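In: Make a model of this:
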Amino acid sequence: MHAHRLCQRLILWLLLSLTVLALPAWSAEPVLDAASVDAAPLSLTTYVALLEDPDRTLTLQDVQSPTVAARFKGDQPPGSALGLGFTRSAYWLRLTLRNTGATPLQRMLVVENPRISHIQLHQPDSQGGYRSTSTGCDTDASTRVYPSRHFVFPLTLAPASEQVLYLRMESSVGLLIPLQLWEPAAFHAYERDDYVGKAWYFGIAAAMILFNLMLFVALRDRVYLLYVLFAVCISTTLAIKNGLAPEFIWGGTYLDSNVAYYSGVSLSLAAMLLFMRRMLQTDRLLPRVDRLLLGLVILYLLTPLAYAVALPVFGRLAILLNLTTAILIIGVGLACAIKRQRSAYFFLGAFALLMLGGAMTTLRAMGLMPTNVFTVDGIQLGSALEMILLAFALADRYNVMRRDKARVQEELLQAQQALVDTLKSSERELEQRVAQRTDELQLLNSKLETLSLTDALTGIANRRHFDQVLAQEWSRAQRLGHPVALAIMDVDWFKPYNDHYGHPAGDACLQQVAQALDATVCRSSDLVARYGGEEFVFLAPMTDDAGAQEIARRVVQAVQALASPHAASPLGHVTVSIGVAALQPGHDTLPGQLMQRADAALYQAKKQGRNRVALG
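Out: Take a look at the predicted model:
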């Protein structure tokens, strides 16, 4: 009897010892009254105890044993998620829920991260045991007990009861666990709004894809096709990231894995790099960097093979590579903007937000950023803003192309109008050559197409054009017996201007003077031209000395009104000197005589102090 009593005491002492050993693990683990969760979700971070399983071999029976149960760690820091970073360990979470009410209680346990590879929920059943549910993004979509882009587990708590739940989680990439408890009606309302938000994004993406595809068909510009490729890749990748692939993409069950997600990111960045090269013309502006970009494109096209073989090994390197590429893309955009590449300004505005969102999401996956709407949906928000801003960039590109086309058409119309004016002024001769008109028009059009008669810097006629028109007008004046006026104009002290301000400023000065000359000499029969260097001329048929002088004086005043600073000029601003001559051609006179008289008059204007008109 004494031995039996001693045995009972020994057993009782062992049970008390095991209870005491278990107390440290359970004492720091608060019990959650599930009835306190109503309209707003409750983050369960501070309510769970955490156990790391480095070998990924522990079972439910193992973690329930007193020895292993004592290793659970409570007192998790408050926050919206448990950020465990890149780890190959499995993690067990223990959560105790209580229903203090007199009726059954329905709640939704939500793991708000679609990128966790494997999740197991062990929940008490009515027979005193546990029923297990296994799911995850690297498993078949049919394993989800509730159809949602997140992992949702409906819970039923009996009246006046307490349940201990166990969750086992493992991921081939970063392990981030946002665990929440919802009231069912509140969760359904949130879920509806969440899907509406995602639908807005994919609606924008679909519109941009169709819009740019139509622009490519209409304009045959490959930049639009490359953007379509990028938009398809990024929207598909975001569908995988957000857990929407099984619901909205054919074959999405196979696209829901982390291998597919990381491969989608690589393909999206490869498409972006190709689009950036075309849009910013890096092969011309940054040839060395362009070769680096092509190398990155090839590398990104090969990375899906590495992910398929060993994603856990290459995952962390992929994050660093993606961050480096984001910085490189912004750097290339800035470099092109500094070189005044027009598209670079739009590119920076559109893609800086996308890169920022991607960086925030990546840092969250590494456990370096907290979980919030900006880090969770950073890429999606950035991508939506990028698409909206890029719509303006593509519209600007289209407008530039349309303006260039309109300018070419306007130049052709002006050339045709000049031809018509020349033909009208030669009516007497043309009346005798009616039969030859069509052949002459074809010949003149051919000459206009093969010979440029415009000065490249100033946009007015060049010396060759002037010489041709002078010869034509001289012959016509000989036949009709009317005078021809010629003016030679020189920018005063132009060489000191160039030495002081530099050649680019000198070119700009010549352009301003040419515009003033062209705007002042406005008769359709007159011709203004750049004769060479800083010398300009204008030819005025059927104009005598007085008329030519009046035109020249207006030109002097127009240039003076520009008030362009000229530090090397005694007058302090840019001025011109003009020599004018008018002559009625005879049978024994040549155009060179008119040029000599105008040139001599120009010399007199300079000799008299410049910024004036002299008559020769």
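In: Quick one: find the helix or strand in this structure with the lowest mean pLDDT.
Out: Lowest mean confidence among the helices and strands of the chain (mean pLDDT, DSSP states H and E): helix 2-27, at a mean of 44.
In: Count the neighbours of the residue lying closest to residue 533 once chain neighbours are set aside for me.
Out: Leaving out its chain neighbours, the residue that sits closest to residue 533 by C-beta to C-beta, 6 or more residues apart in numbering is residue 494, at 7.6 Å. Quick note: C-beta positions are derived from backbone N, CA and C, even for glycine. Residues lying near residue 494 (other C-beta atoms under 10 Å) number 21.
In: try residue 565
Out: Using other C-beta under 10 Å: residue 565 sits among 13 other residues.
In: so where's this protein shaky on pLDDT?
Out: The model of the chain has pLDDT under 70 over residues 1-28, 246-256, 353-385, 388-398, 401, 423, 425-452.
In: swap the cut-off to 80 and go again
Out: Counting by pLDDT under 80, the chain shows low-confidence ranges at 1-29, 79-80, 197, 245-256, 346, 349-407, 411, 415, 418-452, 522.
In: so what are the domain limits for it?
Out: Domain segmentation of the chain under automatic domain parsing yields 22-182, 199-401, 452-615.
In: can you tell which of those domains is closest to residue 191?
Out: Proximity to residue 191, assessed across these by C-beta to C-beta, is greatest for domain 22-182 (6.6 Å).
In: how about JSON lines for the domains of the chain, with distance to residue 422 added?
Out: Listed next are the domains of the chain as JSON lines, based on distance: least, C-beta to C-beta, whole Å:
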{"stretch": "domain 22-182", "distance to residue 422": "73"}
{"stretch": "domain 199-401", "distance to residue 422": "32"}
{"stretch": "domain 452-615", "distance to residue 422": "8"}
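In: Ok, which of the ones you listed comes nearest residue 419?
Out: Closest to residue 419 of these is domain 452-615 (C-beta to C-beta; 11.5 Å).
In: Pull the distance from whichever helix in the chain runs longest to the chain's centre.
Out: Longest helix of the chain, by residue count under DSSP state H: helix 287-338. From the chain centre to the centre of helix 287-338 is a distance of 17 Å (C-alpha atoms, centre = their mean, to the nearest Å).
In: same check, this time on stretch 264-277
Out: Centre-to-centre, stretch 264-277 and its host chain are 12 Å apart (C-alpha atoms, centre = their mean).
In: going forward, begin numbering at 33 instead of 1
Out: From this message on, residue numbering opens at 33, which makes the last subject stretch 296-309.
In: which residues sit in contact with the residue nearest to residue 565?
Out: Contact analysis of residue 526 by C-beta atoms under 8 Å, 6 or more residues apart in numbering lists 538, 541, 565-566.
In: Pull up the gap between it and residue 608, please.
Out: Applying C-beta to C-beta, to the nearest Å, the value for residue 526 to residue 608 is 10 Å.
In: Could you do residue 208 as well?
Out: Distance from residue 208 to residue 608, counting by C-beta to C-beta: 73 Å.
In: go on, residue 103?
Out: Distance from residue 103 to residue 608, by C-beta to C-beta: 93 Å.
In: Likewise for residue 253?
Out: From residue 253 to residue 608 the distance is 44 Å (C-beta to C-beta).
In: These two: which has the busier surroundings?
Out: Set residue 253 next to residue 608 and count neighbours by other C-beta under 10 Å: residue 608 wins out with 26 against 16.
In: Touching, the more buried one and residue 520? I think so.
Out: No. Shown here, residue 608 and residue 520 do not form a contact pair, counting by C-beta atoms under 8 Å, at 10.4 Å.
In: Now list whatever residues contact both of these two.
Out: Residues touching both residue 608 and residue 520 by C-beta under 8 Å, 6+ apart: residue 568.
In: any residues touching stretch 552-569, and which ones?
Out: For stretch 552-569, the external contacting residues (C-beta under 8 Å, 6+ apart) are 450, 453, 457, 487, 489-490, 492-495, 497-498, 501, 518-523, 526, 542, 545-546, 549-550, 570-574, 583, 586-587, 590, 608, 630.
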